[in-house]
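Visitor: Could you look at this predicted model? Sequence included:
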Amino acid sequence: MENRSTDRRTFLKSGAGTVAASLLGCSAPRGSKQPNIVIVIADDLAWRDIGCYGATQVSTPHIDKLAAEGMRFERAFTATAMCAPMRQQMYTGIFPVRNGAYPNHSQSKPGVKSIPHYFEPLGYRVALSGKKHFGPPENYPFEFLGEGKDIDYAAIDEFIARDPEQPYFLVACSNEPHLPWNRGDAAKFDSAAFAVPPYLVDTPETRQAMAAYYAEIEYLDGQTGRLMAAVEKSGQADNTIFIFCSEQGVQFPHGKWTCYDLGLRQGWIVRWPARVKAGSTAKAMVQGVDALPTLLEAAGGDPAVHDFDGKSYLAVLEGGADRHADYAYGAHTTRGIIQGSRCYPVRSVRDERHKLIWNTNYATKFQNILTESDGSGYWSSWVRKAKTDAEAAALVKMYQQRPEFEFYDVVADPFELTNLVEQPEHAQKIALLKAKLDAWMEQQGDKGNETELAVKAHKTGIV
């Protein structure tokens, strides 16, 4: 097979390559070796279900070790709690509505650039192994390692070792712990002993689903450990930026497909022994669109010359700053999801303490494959229990029938179960956050219901 990366490196060493890099606003750093970059992306993993983020019912020793050796972010967010939009915003540095990939199973607009377009001119070879979930292919010209959707460790080992003198950028995308939750050992868990979080209805079926989900998290942790070992084996771990990303929330109500913190907040861990203090914690608010500008600056490029929505937080990584953004934004598109509502856009804005959620077509019912066909195996048990249990009935109703605005104190109420929107003492903060959300939507070209209705009922165009 043709070695595209070596050919590109030869090109970049020529005068033509220098011109190309210059035109892209990129230049290799002087006086230091460019860092290698590895990003491990989980699939539908709630940040709360990782040991270093406080989980006690599941074991994640490798991810916890990564956090002990690097920086753990406490306020990292994706703008959309769905797979394809999450990945494409991170790979492009542009929020979903503006890059075009805002429904699930969608693809970005023609001509949108991604990681390979920015890093290959810097001399990097850029590859991806595992789940893709983006399109069109020309927007994401990664070198693909292996066949199918599983991570190919042998191909990754070869890629890392291919040329020790050339920096590399590797994205390893796991399928875990996405449904159907059939990997790992669920039998090891005593589901009867689980502490069921208050946003879930406590039924035997819920507990069984939690056990299967936890088993997949432990399987994912093993995958992460295998990738960490590959980097250690290369002898270049000290100058390798190794990132673990939880992607988005789990496919439980209030997680995936929502703008609650359980959906949008990410586990985000960065280890870079040469530049990042071990065992550190960052309270700075960052979003997925910030990753590309940050890594580009770390590699010697200039993110300021590109039309990114995100901004570099390299200073946070290096300990020179403790703040980044003042607000984190969210945009969920229900139309386009399998058995999703005809039109149910959700938008959100959050500062360090409060969150405003706008359900722009709130009079209709929120639904998706979880509530309509019960592929999860537990939702029907919630509905049955709701017939005789007031607390279960409230949780079912809360998920499917929402007011136009929701306002939460996410510090005092981290599960976002108490809507404070009607309390007059919060009117000024609500008005401020609504103004920030309106301005962001205008900048994105986001017209709410109109933008949602432009989506086909169930669109599939990804690879």
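Guide: Ah, there it is.

Visitor: what about Glu138, how many residues close to it?
Guide: Here the number of neighbours of Glu138 (other CB atoms under 10 Å) works out to 10. C-beta coordinates here come from the backbone N, C-alpha and C atoms, glycine included.

Visitor: need the contact list for it.
Guide: Pro110 (CB atoms under 8 Å, 6 or more residues apart in numbering).

Visitor: if you set the cut-off to 10 Å instead, what comes out?
Guide: 110-112, 114 (CB atoms under 10 Å, 6 or more residues apart in numbering).

Visitor: Kindly indicate whether Glu442 is helix, strand or coil.
Guide: helix (DSSP: H, G, I helix; E, B strand; the rest coil).

Visitor: Could you tell me what pLDDT the model assigned to it?
Guide: With respect to pLDDT, Glu442 has a value of 98.

Visitor: Tell me the most packed of the contacts of Glu138, by neighbour count.
Guide: Most surrounded of the contacts of Glu138: other CB under 10 Å gives Ser114, at 24 neighbours.

Visitor: mind checking which helix or strand the closest residue to that one other than its chain neighbours is in?
Guide: Using CB to CB, 6 or more residues apart in numbering and skipping residues adjacent in sequence, the residue nearest Ser114 is Tyr91, 4.2 Å away. Following DSSP states H and E, the helix or strand that holds Tyr91 is helix 83-92.

Visitor: What's the first helix or strand after that helix?
Guide: Note on helix 83-92: by DSSP H and E, the next helix or strand toward the C-terminus is helix 96-99.

Visitor: doesn't Pro116 make contact with the residue nearest to Ser114?
Guide: Yes. Here Tyr91 lies in contact with Pro116, judged by CB atoms under 10 Å, at a distance of 8.9 Å.

Visitor: higher neighbour count, the two?
Guide: Set side by side, Tyr91 and Pro116 show unequal neighbour counts under other CB under 10 Å, the larger going to Tyr91 at 29 against 23.

Visitor: From Gln236, how far off is that one?
Guide: Look at Tyr91 and Gln236: by CB to CB, to the nearest Å, they are 23 Å apart.

Visitor: May I see the buried residues of stretch 216-228?
Guide: 216-221, 223-225, 227-228 (16 or more other CB atoms under 10 Å).

Visitor: got those as CSV, with distance to Gln266, secondary structure and pLDDT columns?
Guide: Shown next, in CSV, are those (distance: CB to CB, whole Å; DSSP: H, G, I helix; E, B strand; the rest coil; pLDDT from 0 to 100):
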residue, distance to Gln266, secondary structure, pLDDT
Glu216, 18, helix, 98
Ile217, 15, helix, 98
Glu218, 19, helix, 98
Tyr219, 20, helix, 98
Leu220, 14, helix, 98
Asp221, 16, helix, 98
Gln223, 18, helix, 98
Thr224, 15, helix, 98
Gly225, 20, helix, 98
Leu227, 18, helix, 98
Met228, 19, helix, 98
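
Visitor: so what sits against both of Tyr91 and Pro116?
Guide: With CB under 10 Å, 6+ apart, Tyr91 and Pro116 have common neighbours 128, 139-140, 142.

Visitor: Who wins on neighbours among those?
Guide: Using other CB under 10 Å as the neighbour test, those are led by Tyr140, with 27 neighbours.

Visitor: Relative to Ile50, which of the buried residues of stretch 216-228 is nearest.
Guide: Ile217 (7.6 Å; CB to CB).

Visitor: who's in contact with that closest one?
Guide: 42, 45-46, 49-51, 55, 57-60, 63, 176-177, 181, 183-184, 246, 250.

Visitor: now stretch 144-164, how far from the centre of its chain.
Guide: 22 Å (CA atoms, centre = their mean, to the nearest Å).

Visitor: I should have written stretch 169-188 there, sorry.
Guide: Taking mean C-alpha positions (CA atoms, centre = their mean), stretch 169-188 and its chain are 15 Å apart.

Visitor: and the end-to-end length of it?
Guide: One end of stretch 169-188 sits 36 Å from the other (CA to CA, to the nearest Å).

Visitor: The shared contacts of Tyr91 and Pro116 into a markdown table, with extra columns for secondary structure and distance to Leu295?
Guide: Listed next are these as a markdown table, based on DSSP: H, G, I helix; E, B strand; the rest coil; distance: CB to CB, whole Å:
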| residue | secondary structure | distance to Leu295 |
| --- | --- | --- |
| Leu128 | strand | 15 |
| Asn139 | helix | 18 |
| Tyr140 | coil | 16 |
| Phe142 | coil | 15 |
